[in-house]
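*Asks:* Structure, please.
(chains A, B, C and D)
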Protein chains: 2
Amino acid sequence: MGPTASDGSGPRHAQTRDREVTVPAILAAAEIEFATHGFSAARTESIAARANVVKGMIFHYFQSKEGLFEAVLERAYQPFNEALDKSLDKNLSATDALLTFVERLLAAMAEKPLSPAIFMLESIQGRGEHFRRLGMFPLYIRIEALLKRGIAAGEFRKMDPRHGAINIVGLCGFYFCAANNLSHLPGRSRNPLNKQSLARHAAEVIAFVRKGTAASI
Amino acid sequence: MGPTASDGSGPRHAQTRDREVTVPAILAAAEIEFATHGFSAARTESIAARANVVKGMIFHYFQSKEGLFEAVLERAYQPFNEALDKSLDKNLSATDALLTFVERLLAAMAEKPLSPAIFMLESIQGRGEHFRRLGMFPLYIRIEALLKRGIAAGEFRKMDPRHGAINIVGLCGFYFCAANNLSHLPGRSRNPLNKQSLARHAAEVIAFVRKGTAASI
DNA sequence: GTCTATACGAGGATAGAC
DNA sequence: GTCTATCCTCGTATAGAC
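*Replies:* Just a heads-up that it's a prediction; the model follows:
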């Protein structure tokens, strides 16, 4: 924490010589960079600049750009994973379990609004290795199982559970990936990622999922 | 069309000296490259190789990588635009108009399965200029208007029409962007982009939209 | 119109001083 | 542990021959 005065002329100087500070700073900066540019187009130089460290630090702590990327992915997926685990709360009806899960997933995304874009980019550009390695299957598989259960119980309408799961994940995540464009739509254009907009998004998605999956009367 | 025998040693030779062939070939190759890598990470060399032309041709016909990208975007958006125009067929009920539009949008995407990824990447990485320049506003605005009309008429449930429009576009497009990952899900894993899967996706989305927007009874 | 050769810059990665 | 300097590859773009 020694407040070494930056000398102003050269680039920044050791504001802290401490991995407890440097590593999280790099991860946070990398998250932003990878979320907007994807892996290949991301620049280690930009990450270093944003983290206020020198480029070499990235390779010192993460060996390679790829290593840093994987660390970022892992970090971004954790909240999703937790949302998933918490929603195993068994004896809920399929409907309640699904809506609870969606609510938690949306909360996790709201907390880390860049995560959906990171995974979207990884899906489009990657070849599925990270998807596998991170154990992202459950995200779809468990929703699918939940849907299957609810359909059998007559709570949900008949549908293909696999596609149902995909559609639900898409409803939650698409908004965050499109936020950049959405902010340019005419009309009352408040930032799509501010608290108010996110709350609205969550409410709308939950309603859409509830109505869209419910059994016909 | 002169079948100049490729001499095998040097790189490919003028299979045709004709912009009628070269330009579309470049555009098709560029579409694939930009859809998987985005703008910055796309390589003109890869595009040229895939199109079976020399790199210089890209700059000859499109001046710059950016110029090529814009041409690809424009080309990819056309089918969406047409789907939109055709669904103005006035005197339909809001419900029928919406479902018809969704059906056409899905058909347009199925025909050009890379388009959603291109626009997704442009949304995440771009700063909205292309979104504006291509006139992509109507895609959301008109659905929004349609929803508003249907809500007023009591056909649709109460909802925020802007978010409703976003959710519907998301339901249609997310699947295509996630296809890469989806193909790695366990279970009966046929290619998410083959005819059968796409037909299933379309049916599921249409059902989801119909149920999800319908007024409660 | 098509191809080859090359200028020029950007960026990932490493070596080694402090 | 941190920083500077540097190497080397890759990629856009252009000039000019055919």
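*Asks:* what stretches of chain A score poorly on pLDDT?
*Replies:* A:1-17, A:217 (pLDDT under 70).
*Asks:* run the last query once more with 50
*Replies:* Confidence mapping of chain A against pLDDT under 50 gives the ranges A:1-15.
*Asks:* can you give me the helices for it?
*Replies:* A:19-41, A:44-51, A:55-62, A:65-86, A:94-111, A:115-125, A:129-133, A:137-152, A:161-182, A:195-213 (DSSP state H).
*Asks:* Columns mean neighbour count on top of these, output as CSV?
*Replies:* For every residue, glycine as well, the C-beta is placed using N, CA and C. Compiled in CSV, those are given as follows (neighbours: other C-beta atoms under 10 Å in any protein chain shown):
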stretch, mean neighbour count
helix A:19-41, 19
helix A:44-51, 19
helix A:55-62, 16
helix A:65-86, 18
helix A:94-111, 19
helix A:115-125, 24
helix A:129-133, 16
helix A:137-152, 19
helix A:161-182, 24
helix A:195-213, 19
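*Asks:* Roughly how far does the closest residue to residue A:65 other than its chain neighbours sit from chain B?
*Replies:* Leaving aside its sequence neighbours, residue A:65 sits nearest to residue A:44 (C-beta to C-beta, 6 or more residues apart in numbering or on different chains; 5.7 Å). Separation of residue A:44 from chain B (C-beta to the nearest C-beta, to the nearest Å): 14 Å.
*Asks:* so residue A:44 touches residue A:53, yeah?
*Replies:* No: the pair residue A:44 / residue A:53 is not scored as a contact, 10.8 Å apart, by C-beta atoms under 8 Å.
*Asks:* circling back: need the helices of chain A in CSV (columns: distance to residue B:208).
*Replies:* Shown next, in CSV, are the helices of chain A (distance: least, C-beta to C-beta, whole Å):
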stretch, distance to residue B:208
helix A:19-41, 28
helix A:44-51, 39
helix A:55-62, 41
helix A:65-86, 22
helix A:94-111, 14
helix A:115-125, 19
helix A:129-133, 24
helix A:137-152, 12
helix A:161-182, 5
helix A:195-213, 5
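*Asks:* contacting residues for the residue nearest to residue A:65?
*Replies:* A:55, A:58, A:59, A:65, A:68 (C-beta atoms under 8 Å, 6 or more residues apart in numbering or on different chains).
*Asks:* I figured the first one hits residue A:61, correct?
*Replies:* No: contact between residue A:55 and residue A:61 fails when scored by C-beta under 8 Å: they sit 11.6 Å apart.
*Asks:* neighbours around residue A:90, how many?
*Replies:* 5 (other C-beta atoms under 10 Å in any protein chain shown).
*Asks:* out of the helices of chain A, nearest to residue B:80?
*Replies:* helix A:161-182 (13.5 Å; C-beta to C-beta).
*Asks:* show me which of the contacts of residue A:44 neighbour DNA strand D.
*Replies:* Contacts with DNA strand D within the contacts of residue A:44, counted by C-beta under 7 Å from any atom of the strand: residue A:55.
*Asks:* so which of the contacts of residue A:44 comes closest to residue A:38?
*Replies:* Of the contacts of residue A:44, the one sitting nearest to residue A:38 (C-beta to C-beta) turns out to be residue A:65, at 11.8 Å.
*Asks:* Would you check that the closest one makes contact with residue A:46?
*Replies:* No: at 11.7 Å, residue A:65 and residue A:46 do not qualify as touching, with contact defined as C-beta under 8 Å.
*Asks:* Return the distance of stretch A:61-69 from the chain's centre.
*Replies:* 20 Å (C-alpha atoms, centre = their mean, to the nearest Å).
*Asks:* Pull the residues that contact that stretch.
*Replies:* So stretch A:61-69 is contacted by A:19, A:22-23, A:26-27, A:30, A:34, A:39, A:42, A:44, A:47, A:58, A:71 (C-beta under 8 Å, 6+ apart).
*Asks:* can you rerun that using 7 Å?
*Replies:* Contact with stretch A:61-69 is made by A:19, A:23, A:26, A:30, A:34, A:39, A:44, A:58, A:71, as judged by C-beta atoms under 7 Å, 6 or more residues apart in numbering or on different chains.
*Asks:* Check whether residue A:140 really touches residue A:164, as I assumed.
*Replies:* No: applying C-beta atoms under 7 Å, one finds residue A:140 not in contact with residue A:164, separated by 10.0 Å.
*Asks:* The residue nearest the centre of chain A - nearest residue in space that isn't next to it in sequence?
*Replies:* Closest to where the C-alpha atoms of chain A average out (C-alpha atoms, centre = their mean) is residue A:115, at 2.2 Å. Spatial nearest neighbour of residue A:115, chain neighbours left out: residue A:76 (4.3 Å); criterion: C-beta to C-beta, 6+ apart.
*Asks:* I'd say the one you found and residue A:118 touch.
*Replies:* Yes: counting by C-beta under 7 Å, residue A:76 touches residue A:118, with 5.2 Å between them.
*Asks:* Quick check: residues of chain A near DNA strand C?
*Replies:* A:42, A:43, A:44, A:45, A:55, A:56, A:59, A:63, A:64, A:65, A:66.
*Asks:* Make sure the fifth one is actually in contact with residue A:49.
*Replies:* Okay, so that is residue A:55. No: the pair formed by residue A:55 and residue A:49 falls short of the contact definition of C-beta under 7 Å, at 8.5 Å.
*Asks:* Give me the common contacts of those two.
*Replies:* The contact lists of residue A:55 and residue A:49 share no entry, where a contact means C-beta under 7 Å, 6+ apart.
*Asks:* any idea how far residue A:196 is from residue A:111?
*Replies:* Distance, residue A:196 to residue A:111, by C-beta to C-beta, to the nearest Å: 16 Å.
*Asks:* Next up, the contacts around the residue nearest to residue A:115.
*Replies:* Counted by C-beta under 7 Å, 6+ apart, residue A:76 has contacts A:31, A:112, A:115, A:118.
*Asks:* which among those residues gets closest to chain B?
*Replies:* residue A:118 (9.5 Å; C-beta to the nearest C-beta).
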